[in-house]
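Enquirer: let's see this in three dimensions:
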Amino acid sequence: MKNIIFNNRRKNVLRTLMGLIVLLAVAVVPGYSQATASQGYSYIFPGATQATTVVLGNINNQSVSVTAAFYGTGGNLSSVTVPLLPGTQTRLDPTAVSLTAFQGSIVVISSLPLAASAISSNGTNPFDYQTPVTPSNYLVVPFAPADTGSVLLNVFNPGINQAIVTAVLVKTDGTEVHTVTATLNPDNTTTMALGSAAGTTHVYVRSTGLFGGDRPVAVSAFINNYTPGVAGAVQRTDFAIVPATPITTATTATVPFFAQGDDYFSVVEAVNTSNNEQTVTLAAHNT
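Expert: This next block holds a predicted model:
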């Protein structure tokens, strides 16, 4: 389950309308970092630009050295290593490695777990927060906009082999309406423009090698002109960053904050990622 918050800006005449849009994806459990004994904890932010700032906090009771690797679109690498004392925070953007026109992905590596997020702006519209994404060879992106919106998938290949990535726009009833494919070299980032198609609600992303096999990739979606489809809700004119979540085997999810009424509305999207019909039960509990 992944929580995605869309906050509409305050209007002078209209009442403030804030939307909490929540994904309840059947068989989906998101992750925030990958941890291995040799590499430690890694936090991946695909689709970073010169206007992206990574915010890192040391939540441990001991100091840690953190490396931020800036991979350009073509795989070129610039990196910086900074020490973090217990309970301290740092912010890093491409200027930390003397870059002035960066576009690609940022990978943060630490021997201890961190509090990690990023702030991104497109230069003209308000900023949005970006959470780290977990690589997988089978992912789903919720809340793909129908009709009026558009989706840009930013895909990073963290592996050592070339990956063939396929993204499919899907309707509510499971009908596939549009497919885009890209070939991605190791440490490279690419943008897949999906546009929009009537009735679409989500995107499936699959990655594989030329002769098969798993090729996990990290994916986040930049969604523009999102229309919630809820009475009284207005269209988002700025962008929102939606992480793709790996498809696994969980069957339950808990939404910790769900509101309806006054200045709040909530939407739950359930995606059946299996080949069988399933029944989804939603239970709302008052505070």
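Enquirer: where do the strands sit along the stretch 151-287 of the chain?
Expert: Assigned by DSSP state E, counting those that start in this stretch, the strands in the stretch 151-287 of the chain fall at 163-171, 176-184, 189-195, 200-208, 218-224, 239-243, 245-246, 264-272.
Enquirer: in TSV: those strands, plus mean neighbour count, mean pLDDT and distance to Asp128.
Expert: No exception for glycine: its C-beta is placed from N, CA and C like everyone else's. Output for the strands of the stretch 151-287 of the chain, formatted as TSV (neighbours: other Cβ atoms under 10 Å; pLDDT from 0 to 100; distance: least, Cβ to Cβ, whole Å):
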stretch	mean neighbour count	mean pLDDT	distance to Asp128
strand 163-171	20	91	21
strand 176-184	14	89	23
strand 189-195	18	89	17
strand 200-208	21	88	18
strand 218-224	24	88	9
strand 239-243	23	83	5
strand 245-246	21	88	17
strand 264-272	17	71	18
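Enquirer: out of those strands, flag the one nearest Leu153.
Expert: strand 189-195 (4.2 Å; Cβ to Cβ).
Enquirer: now do the closest one: everything it contacts.
Expert: 46-47, 71-73, 103-105, 144, 150-157, 165, 167, 169, 178, 180, 182, 184, 203 (Cβ atoms under 8 Å, 6 or more residues apart in numbering).
Enquirer: now do stretch 91-106
Expert: With Cβ under 8 Å, 6+ apart as the criterion, stretch 91-106 contacts 44-56, 68-73, 78-80, 82, 118, 154, 156, 189, 218.
Enquirer: next step: the residues you listed restricted to strands.
Expert: With DSSP state E as the criterion, strands contain 44-49, 53-56, 68-72, 78-80, 82, 118, 154, 156, 189, 218 from among those.
Enquirer: show me what the residue nearest in space to the middle of the chain is bridged to.
Expert: Geometric centre of the chain, nearest residue: Pro243, 1.4 Å, by Cα atoms, centre = their mean. With DSSP bridges as the criterion, Pro243 is bridged to Ser220.
Enquirer: wait, isn't it in contact with Ser220?
Expert: Yes - judged on Cβ atoms under 8 Å, Pro243 makes contact with Ser220 at a distance of 5.0 Å.
Enquirer: between those two, what contacts are shared?
Expert: By Cβ under 8 Å, 6+ apart, the residues touching both Pro243 and Ser220 are 130, 133.
Enquirer: my guess is Tyr137 meets Arg206, correct?
Expert: Quick fix: residue 137 reads Asn, not Tyr. Yes - using Cβ under 8 Å, Asn137 is in contact with Arg206, at 6.7 Å.
Enquirer: show me what contacts Gly174?
Expert: Shown in contact with Gly174 (Cβ under 8 Å, 6+ apart): Asn272.
Enquirer: state the distance from Ala193 to Ala244.
Expert: 16 Å (Cβ to Cβ, to the nearest Å).
Enquirer: what of Leu56?
Expert: On the measure of Cβ to Cβ, Leu56 and Ala244 end up 22 Å apart.
Enquirer: between these two, tell me which one has more neighbours.
Expert: It is Ala244, of Leu56 and Ala244, that has more neighbours when counted by other Cβ atoms under 10 Å, with 30 against 23.
Enquirer: the more buried one: what's it in contact with?
Expert: Counted by Cβ under 8 Å, 6+ apart, Ala244 has contacts 133, 136, 139-141, 153, 203, 205, 219-221.
Enquirer: nearest to Ala270 among those residues?
Expert: Checking these against Ala270 by Cβ to Cβ gives Val140 as the nearest, at 11.3 Å.
Enquirer: beta partners for the closest one?
Expert: Beta-bridge partners of Val140, as defined by DSSP bridges: Tyr204, Thr245.
Enquirer: also the one 10 residues further on?
Expert: Residues found in beta-bridge contact with Ser150 (criterion: DSSP bridges) are Asn224.
Enquirer: for the chain, what helix or strand is lowest in average pLDDT?
Expert: strand 18-26 (a mean of 32; mean pLDDT, DSSP states H and E).
Enquirer: need phi/psi at Ser274.
Expert: Main-chain torsions, Ser274, degrees, to the nearest 10: phi -100, psi 180.
Enquirer: look up how far Ile247 lies from it.
Expert: Applying Cβ to Cβ, the value for Ser274 to Ile247 is 9 Å.
Enquirer: show me which of those two is the more surrounded one.
Expert: Shown here are Ser274 and Ile247; by other Cβ under 10 Å, Ile247 has more neighbours (22 against 11).
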